[in-house]
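Asks: Fold the following.
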Amino acid sequence: MNELIRIETITEFHRLNGIPLPDHPLISVVNYADLHKVEGHFHYLKSFYSIALKKDVIGKYRYGQQSYDFDEGLMTFFAPQQVLQVQYTKDDVHRSPSGYILLLHPDFLWNTNLTEKMKRYEFFGYEVNEALFLSEKEEKIILEIFRQIQQEYSGNMDDFSKNIIISQIELLLNYSERFYKRQFLTRDQNNHEVLTRFESVLDRYFKSDTLMEKGLPTVQYLSGELHISADYLSSTLKHLTGQNARQHIQHKVIEQAKEKLSNTPLSVSEIAYQLGFEYSQSFSKLFKQKTKQTPLEFRKRFDLN
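Replies: This next block holds a predicted model:
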């Protein structure tokens, strides 16, 4: 089965997996071992967030052209409208993984501080191969928060329940952010390899005709060349250098522009065109924003005109 399976509601997710209907229509903590598994290859698109802590994960999870197997505990984060591909083999169907999945509909966040803050958590844009691996201590912290959330919505909800649950969700996300920071620190060698490969891809792009033909490279293009997600690339670069991927591209533009302004007689418009800008005004605006002077003011220092 390769067709896209759309799951609009949490209740629909429960029904699809053959588990009792949720206690609350907009939030649910599901035991991963209870999920219904069928041999085959499936594409899921859900209209709600899912945050999962899984151990002994079964099946192959695919993004793009790569598939990944996980046997250790890990956390994954999916925002609404992200497509997940899962493949279960005959043996997978009879295995029993453990863990929990928090299902959270966006409507539950209305009129709370998390409505906008959810966009700040970049790990919702990470791919499966960029999952968060937890230590035993970290795992206990996350599981306890899941338990607190489940306990709160399963009881008799009162005027305080929603705020308490929102606080627990925010705590969960903040801990996840902290644990990702730890993961970046403990994987510095791999991260430096990403930086080296990123700089190599960026250099090749700026030396090719593609720059003038298609304009400046996008973060999505560069991350695709590296086979990682755009958000994970930016997070890695920011951890190592203090600048995200977009800022690195802009730095490369300014570096190239300074070289051309100081060593060639090309006009500002010609330089802008060579650097992938459709309009020279856009180039001049970026140059002044980054250097506090216009291209011509910079050039005057070298007496080329």
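Asks: Outline the domain layout of this protein.
Replies: 4-186, 190-301 (the TED database).
Asks: Could I get the full set of strands for this structure?
Replies: Ranges of strands within the chain are 4-7, 27-31, 40-46, 49-55, 60-63, 66-68, 74-78, 83-88, 98-104, 132-133, based on DSSP state E.
Asks: List the neighbouring strands of the shortest one plus their orientation.
Replies: When pairing is defined by DSSP bridges, strand 132-133 lines up against strand 74-78 (antiparallel).
Asks: about what we covered before: I'd like the strands of the chain written out as TSV, with mean pLDDT and distance to Ser269 added.
Replies: C-betas here are computed from N, CA, C, even on glycine. Shown next, in TSV, are the strands of the chain (pLDDT from 0 to 100; distance: least, Cβ to Cβ, whole Å):
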stretch	mean pLDDT	distance to Ser269
strand 4-7	86	46
strand 27-31	95	56
strand 40-46	77	45
strand 49-55	89	47
strand 60-63	46	41
strand 66-68	42	43
strand 74-78	87	45
strand 83-88	70	42
strand 98-104	91	50
strand 132-133	85	47
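Asks: May I see these organised as a markdown table, with mean neighbour count and distance to Asn263 added?
Replies: Compiled in a markdown table, these are given as follows (neighbours: other Cβ atoms under 10 Å; distance: least, Cβ to Cβ, whole Å):
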| stretch | mean neighbour count | distance to Asn263 |
| --- | --- | --- |
| strand 4-7 | 14 | 53 |
| strand 27-31 | 21 | 60 |
| strand 40-46 | 16 | 51 |
| strand 49-55 | 21 | 51 |
| strand 60-63 | 18 | 43 |
| strand 66-68 | 13 | 42 |
| strand 74-78 | 21 | 47 |
| strand 83-88 | 16 | 47 |
| strand 98-104 | 20 | 55 |
| strand 132-133 | 18 | 46 |
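Asks: Mind putting the ones you listed into JSON lines with distance to Ser167?
Replies: Converted to JSON lines, the strands of the chain look like this (distance: least, Cβ to Cβ, whole Å):
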{"stretch": "strand 4-7", "distance to Ser167": "27"}
{"stretch": "strand 27-31", "distance to Ser167": "13"}
{"stretch": "strand 40-46", "distance to Ser167": "24"}
{"stretch": "strand 49-55", "distance to Ser167": "15"}
{"stretch": "strand 60-63", "distance to Ser167": "31"}
{"stretch": "strand 66-68", "distance to Ser167": "33"}
{"stretch": "strand 74-78", "distance to Ser167": "19"}
{"stretch": "strand 83-88", "distance to Ser167": "28"}
{"stretch": "strand 98-104", "distance to Ser167": "14"}
{"stretch": "strand 132-133", "distance to Ser167": "21"}
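Asks: Among the domains of the chain, show the one with the smallest mean pLDDT.
Replies: Averaging pLDDT over each of the domains of the chain singles out domain 4-186 as the lowest, with a mean of 82.
Asks: quick one: terminal-to-terminal distance for that domain?
Replies: By Cα to Cα, to the nearest Å, the extent of domain 4-186 from end to end equals 37 Å.
Asks: from the middle of its chain, how far away would it be?
Replies: Relative to the chain's own centre, domain 4-186 is displaced by 14 Å; criterion: Cα atoms, centre = their mean, to the nearest Å.
Asks: Likewise for stretch 177-192?
Replies: Its chain's C-alpha centre and that of stretch 177-192 lie 15 Å apart, by Cα atoms, centre = their mean.
Asks: Okay, helices next: where are they in the stretch 51-200 of the chain?
Replies: Listed in chain order, the helices of the stretch 51-200 of the chain (DSSP state H, counting those that start in this stretch) span 114-117, 136-154, 161-186, 188-207.
Asks: Thank you kindly, that will do.
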